[in-house]
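Student: Kindly return the folded structure for what I paste below:
(chains A and B)
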Amino acid sequence: MPYLLKYSLKRIVLLIFTTFVILTITFFLMKMLPDPPISGNNVAQNAYCQDQVSQGYYLVFHTEQTGLGSTIIPPYTDPTGATFFYYRRPLIDQYFSWLTGIFTRWEWGTSSVIQRQADAIYIIGQRLVPTITINIFALIISLPLGFIFGIIAALKKNKPTDHVISTVVMIFISVPSFVIISLLMLWLSYDTGWLPSSWPINGSPISAYARAMVIPVLALCFGTIAAFTRYTRAELCEVMSSEFLLLARTKGLTKSQCVVRHALRNSLVPLVPMIIGQFIGILGGSVVLEQLYGIQGIGRLFVEAINARDYNVLLVDMAVFTMISLAASLLVDLSYGIVDPRIRMGAKAS
Amino acid sequence: MKKSVRLISLFAIGCVGLLASCTNHSGITGGGSGSGVVSGLRAFYVTYKGQDVNNGDTFNINVGEKNIRLACHANDNNEDITHLATFTSSDDTVLSISNGLITPLKAGEADVTITNASEKDFSCTVHFVVSESSIASGVQSYSTVDYDEKANILGALEKYAVDNYLTGITLFSNGGYVVYNNRYKPLPREYVSGYGWGTMKEGKLDSDLTNVPENHDPSYYQIGTVSVAGHANAMDASGSDVSDIASYYTTAYYSTRLNASNNGYEWYPSLALDERPIAVDELGNQIQSDYNRRWRIHVRTGDKAPVYRTASTATMNGTNLSTFNKRSVALEDYLTPFKIMLTSWNGQYRGSELTDGVSGFTGAASYFNATSTNPNDGSVVDEEAWDNLMGDENGQLPDGSRGNIIVGKDEEGDYIEFNLLYPCTQFYAMYYLSSSLYSPLPIDFVEAVTPSNLGQFPTGYSPVDTFLYTGPYYVEQWQNGQYIKLTRNDDFYEYKEGFTMSDGNHRDVYQIPGFEFQQYSQKSLQSEFETGAIDSYAPTKDTLVTPYNTTTGTSAQGVKWTRYQTKGDSNFKINVNSLTPEEWRRRFGTSGTVYAHDSSETSRWVNQREDRAYLSDKNFLDFLSFALDRETICTSRGMTPTQNYFSDNYLIDPETGISYNSTDAHAAVLADRYNESYGYSPDAAKRALETAMEETIIPMGEDGKLVANGSGQGGIPTNPWLITIDMNWMNPTDEKDYGDVFDSIYRIFDELINEVYGGCYKLHINPIDGTSDFNAVYDLMKRGEFDLGFGAVSGNDLNPLNFFEVMKGDNSSGFTLNWGPDTSKIDSEDPIIYDGKKWSFDGLWQAADSAALLNNDGTFAVASNVSTNGSGSIKYESIDSKSQSVTYRISFKQLVDAGAKELSLSLSNGDATIAYTNEQLEELWDSNYVASIVVDNTLNKTRSVTLRVSFEITINGADGPLTTETSSTIGLLSYTGVNQ
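Tutor: Take a look at the predicted model:
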């Protein structure tokens, strides 16, 4: 299906371009924020500024300059009497310096605060696995459970089962995931001791990671399951009341045959894009969870990088989040064709 | 019946009086009950400045002198019962006395009579001769006085600092409670101030923890912490988190341990083989001296040497790091930390601390200055400069004199030798040289890892790889921000040898096989402790109410615990910015002497100082201080209320363990500050507030400087004037945890305002939350960007006088948090009087700490640039474009007049140096000691040039006159700088 391949390539190029645009906007927005006070005494401040100079973000002169704004820190005079005046490099210069590093050397810079001297890409690489693992597991568990509960609720519409499911859905949609994880930790870790209360350290056996994943995955799941249940129920109820299904029933198909062969498939189409939204929602929700559960993931890293104004790490983290979300979006679009043969992404209208 | 009771009591009194008259204490004798505390009926003795006073003694004091206090102590138990005595002055115009505190008013003589309140037979008379004081000038030094005198000096300084709120407003001591899992029982019965519970060294665990996280070792001591240290290199750490953990894996020449009775601590040699450092002369011969600059320590090498440990198997820059594992420490390794820190291109944060101050080293500043430019050839030390300035492999400098930090061998073995900047006692030499920063390292390891990566997390590595460990534990695993595992080094010599205590018993140490630090959120620490995941927990205010309101208990999960009380080692304060707008501008403005702000920030903060001028009014600050109900604040939190600036572990006599807070000198500081109620006096607070209202706040309102609470006409009960103060907290939860400290302040304020001022004023203390970085609030305070700030600074607890440098207004310590009057000048209204002289705060501190060279007006004598030409802030005398040089007129008059000798001068930009010897200077200067100094073209590479005038001063040492060297610096411009 060459049109699908062509479409995919086009979408990948668009993905890269979108990522680039988002990172550019993030770069400029972050850099336009006022500089936070640089902590420490003047020696420490000077060391930080020297690091920023080497990263291409600051300029240093031995004399006061005009036209570059005010100095970032008061002029620092070292023991030899040499004076250093630090200025912000013009934003455009910083931006092109950053881009040049990426495109010519695949260098995304080093961390200046979180893990000094370490490559930002390396730090992300260390932290990516736990986040992705937890999020994927959360999605894998949420999807089928959400569908199942939604189907049950739709089939038992307006019956007690439906009411119970709808009420539970309302509760879990309202309660944020970080509240759920706190409750789960209290119950499953501290009260009963069944599960660990924090993420295991490096070198722990797989079983330890498996047990440690239960609480964060559950915490991420509940809201997602509730959302899928609600939408599945709504879509299925609408499809179930359509005329073609009535025809199917009058043709002699059983209710379950109607639901499985016809109703479900039709109701899936609007649900598929929901999956991306939920995945991105899970990804975003894990930022807080990772802090509470001590997971060294990219969500927690994102918060640390913002607080520390560790720009290089922040931008790489942002790039990862963006590309994951866009890639998920692409995959879902491509899956439309499987769900509904009438939809072929990239096909020309006949 | 009553009559018989009276008779019996009188008989008892007579018996006790008879017994009391046989005591050694003279002065007040002859009466007192034999038992119990019966007000006014106890025999007592009198002390003055810590010494017993005899009836008829004469003392000389000076007008304006503070801290003169006669204290009465009960004969039976030495309790301070000054408040029970009556003091009268024979001439109130010469001196007045209240509750033992003497205020000399004018020159003359007067007697002070102390009597018991109800027994006229008790009396003691002390004669005082009051003189006018002169201004301290010339060479002044009290660095060799005994500890009693140091206490008196510190008392004089502390009195000034407290009265002017340079010490802030103390709230409480950071002692409190800690609960331990019952598998750990501290060895000492009570917390040992300045040492702790001895967990690492003397601690033992009876069993394993039951519920440790995955991959943790249950036999290890588990520590739950909100933040884990960020790296392993204490030489490059600004906070205490790294240096605290470094004590586990580094060694020091001398260390401390629990004493044989487990009720205190004692010093002992660790890396050193000598009980104490040995004084040597400039030829390297051992001498008997209690006060010296040059000290030698024989160190462990050869078969006694410690070994390095590393768990690394990585290769870095071509070096297999595992080859360092179990390698013995060599003699030259002892020099490495000094070389790394002092080579300034290595960028180690703590390096500059070795270049000045009482623990600085001779020659270090010059070497530090000479190594600012990195040659980028991978070298971590400038060997040639080190040989020339610190000493070569033969221990000598180029002129044949002895080096400043050298290693060598004598008949007693291998040694390291130091030449300190200032002379000190043997005890302080031991103390200054006992830093874990000086733990040995092999230079080839540092070259392989590179100084910037030492102890850090460069790509692909962690502190497991990037540091070497010589201490009782080594790092086996370190996950950035999350987890650290320390495993016992079974090759550590102290572990193998144990301790032989003073009672002859042997003690095994380091019995805990390891420590694991795990990061948790603050909220989960209690749960982790109660489930048996961590070994200790510090209860909060709420959890002290329940469940930790008893000494022992069992958690719901079956974990048995015991609660212990800790003593504080740091007193938390509300730090105060009482700078006037002018002073703020001088110190923090665009040309600030402490820190420079840009013009918009300067305007902002100067305006705030003007709008909050009440914060510069001492009466208003007195109100805040006296209105704080510390006891109520602390009781609910299990903390100790205190007004003391120093916590009790600050020892004025470190050799015998006397706390400064126990001295008469300190008692005199707080004698007029209601110390019996921890400084709380609603009446005094109201009086102070009323004065502040009349003198400052009401005029501010009339000048339109106050803002009303709402819109419209202000200063009326429905729309009062706002008295706003910003309170900067340290942590995000501090407002919630400590916000109620201001309750009593609000209450007393409202009472007075409603009573006297019709409710037309309203106090508003605006809380500003802290951030996750607790250092942020300290940065604000150091830059003067606050009104009130919460925090504490702790430091040299064995030399509180030295630590008092943090009070100086020039922030020379780098840790000044409170800002008030200019401490470099004698306060005309309230001068410090000591030893018959008037002093500035800085002058007396400097004289007590080392030596001060003072002008006739009490300010420091310095070299000064008296040139008159040029439009910039640095004037010059002339410039020569042909030779590209600049000539300055430098005055040395202040230095010479004050007593400096053998002046010499160097001009340096780090690259090149021009030097003038004493003879050359004497030829150059005129009769007024003003010389023309040329900055020639050799220094044109940089804009700025430092002129350093070195000179000798002679002070009175313990063994006679002692000559020491010090310096004064001026910043100048090169020809390049002038023309830019």
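Student: Next, the distance between the ends of stretch B:157-174.
Tutor: For stretch B:157-174, the first-to-last residue distance is 24 Å (C-alpha to C-alpha, to the nearest Å).
Student: Please state the offset of it from the chain centre?
Tutor: For stretch B:157-174, the separation from the chain centroid amounts to 13 Å (computed by C-alpha atoms, centre = their mean, to the nearest Å).
Student: Spatially nearest residue to B:Ala533, not counting backbone neighbours?
Tutor: Spatial nearest neighbour of B:Ala533, excluding adjacent residues (C-beta to C-beta, 6 or more residues apart in numbering or on different chains): B:Asn211 at 5.2 Å. (Glycine included, C-beta is placed from N, CA and C.)
Student: neighbours around the residue lying closest to B:Ser864 once chain neighbours are set aside, how many?
Tutor: Nearest residue to B:Ser864, sequence neighbours excluded (C-beta to C-beta, 6+ apart): B:Ser891, at 5.0 Å. Per other C-beta atoms under 10 Å in any protein chain shown, the neighbour tally for B:Ser891 reads 19.
Student: dump the residue contacts of B:Ser891.
Tutor: For B:Ser891, the contact set (C-beta atoms under 8 Å, 6 or more residues apart in numbering or on different chains) comprises B:Ala863, B:Ser864, B:Asn865, B:Val866, B:Asn928, B:Tyr929, B:Val930.
Student: Then A:Thr83?
Tutor: Contacts of A:Thr83 (C-beta under 8 Å, 6+ apart): A:His62, A:Thr63, A:Pro75, A:Tyr76, A:Thr77, B:Thr942, B:Arg943, B:Ser944.
Student: how far away is the last one from B:Ser436?
Tutor: The spacing between B:Ser944 and B:Ser436, counted by C-beta to C-beta, to the nearest Å, is 35 Å.
Student: Neighbour count: these two, which is higher?
Tutor: B:Ser944 (23 against 20).
Student: Counting neighbours, what do you get for residue 96?
Tutor: Going with chain A. Using other C-beta under 10 Å, A:Phe96 has 12 other residues around it.
Student: The intended chain is chain B.
Tutor: Using other C-beta under 10 Å, B:Ser96 is surrounded by 16 other residues.
Student: Over to A:Leu247?
Tutor: Neighbour count of A:Leu247, defined by other C-beta under 10 Å: 12.
Student: Could you do the one 3 residues further on as well?
Tutor: Other residues near A:Thr250 come to 8 when the count uses other C-beta under 10 Å.
Student: Quick check: the farthest pair among the contacts of B:Ser891?
Tutor: The largest separation in those, counting by C-beta to C-beta, is between B:Asn865 and B:Asn928 at 14.5 Å.
Student: Neighbour count for these two, which is higher?
Tutor: Applying other C-beta under 10 Å to B:Asn865 and B:Asn928 shows that B:Asn865 carries more neighbours, namely 18 against 11.
Student: Quick check: the more buried one touching B:Gly872?
Tutor: No. B:Asn865 sits out of contact with B:Gly872 when judged by C-beta atoms under 8 Å, with a separation of 11.8 Å.
Student: how about the helices in the stretch 201-350 of chain A?
Tutor: With DSSP state H, counting those that start in this stretch, the ranges of helices along the stretch 201-350 of chain A come out as A:206-240, A:243-250, A:255-258, A:264-293, A:298-308, A:311-339.
Student: Which strands and helices lie in contact with the fourth one?
Tutor: For helix A:264-293, the elements it packs on are helix A:120-155, helix A:177-184, helix A:206-240, helix A:298-308, helix A:311-339, judged by 3 or more C-beta pairs under 8 Å, 6 or more residues apart in numbering or on different chains; DSSP states H and E.
Student: angle of it against helix A:298-308?
Tutor: Helix A:264-293 and helix A:298-308 are oriented at 50 degrees to each other (axes from the mean of the first three to the mean of the last three C-alpha atoms, to 10 degrees).
Student: Could you measure from the residue nearest the centre of chain A over to chain B?
Tutor: Geometric centre of chain A, nearest residue: A:Leu283, 3.5 Å, by C-alpha atoms, centre = their mean. Distance of A:Leu283 to chain B, computed by C-beta to the nearest C-beta, to the nearest Å: 21 Å.
Student: Spit out the contact partners of the nearest residue to that residue once chain neighbours are set aside.
Tutor: For A:Leu283, ignoring the flanking residues on the chain, the nearest one in space by C-beta to C-beta, 6+ apart is A:Asn135 at 5.5 Å. Taking C-beta under 8 Å, 6+ apart as the criterion, A:Asn135 is in contact with A:Leu220, A:Phe279, A:Ile282, A:Leu283, A:Ser286.
Student: if we go to 7 Å?
Tutor: Applying C-beta atoms under 7 Å, 6 or more residues apart in numbering or on different chains to A:Asn135 gives the contacts A:Phe279, A:Ile282, A:Leu283, A:Ser286.
Student: Show me which of those residues is closest to chain B.
Tutor: Of all the contacts of A:Asn135, chain B sits closest to A:Ser286, with 15.5 Å by C-beta to the nearest C-beta.
Student: re the thing from before, would you list the helices and strands packed on helix A:264-293 in a markdown table and tack on mean pLDDT and distance to B:Gly809?
Tutor: Below are these laid out as a markdown table (pLDDT from 0 to 100; distance: least, C-beta to C-beta, whole Å):
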| stretch | mean pLDDT | distance to B:Gly809 |
| --- | --- | --- |
| helix A:120-155 | 89 | 42 |
| helix A:177-184 | 88 | 47 |
| helix A:206-240 | 89 | 52 |
| helix A:298-308 | 86 | 32 |
| helix A:311-339 | 82 | 37 |
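Student: For A:Gln45, which of those helices is the nearest?
Tutor: helix A:298-308 (15.0 Å).
Student: Give the other helices and strands that the host helix or strand of B:Asn152 contacts.
Tutor: When elements are assigned from DSSP states H and E, B:Asn152 belongs to helix B:147-163. Counting contacts by 3 or more C-beta pairs under 7 Å, 6 or more residues apart in numbering or on different chains; DSSP states H and E, helix B:147-163 packs against strand B:651-653, helix B:664-669, helix B:800-803, strand B:832-834, helix B:841-849.
Student: what packs against the fourth one?
Tutor: Using 3+ C-beta pairs under 7 Å, 6+ apart as the contact definition, the elements that strand B:832-834 packs against are helix B:147-163, helix B:841-849.
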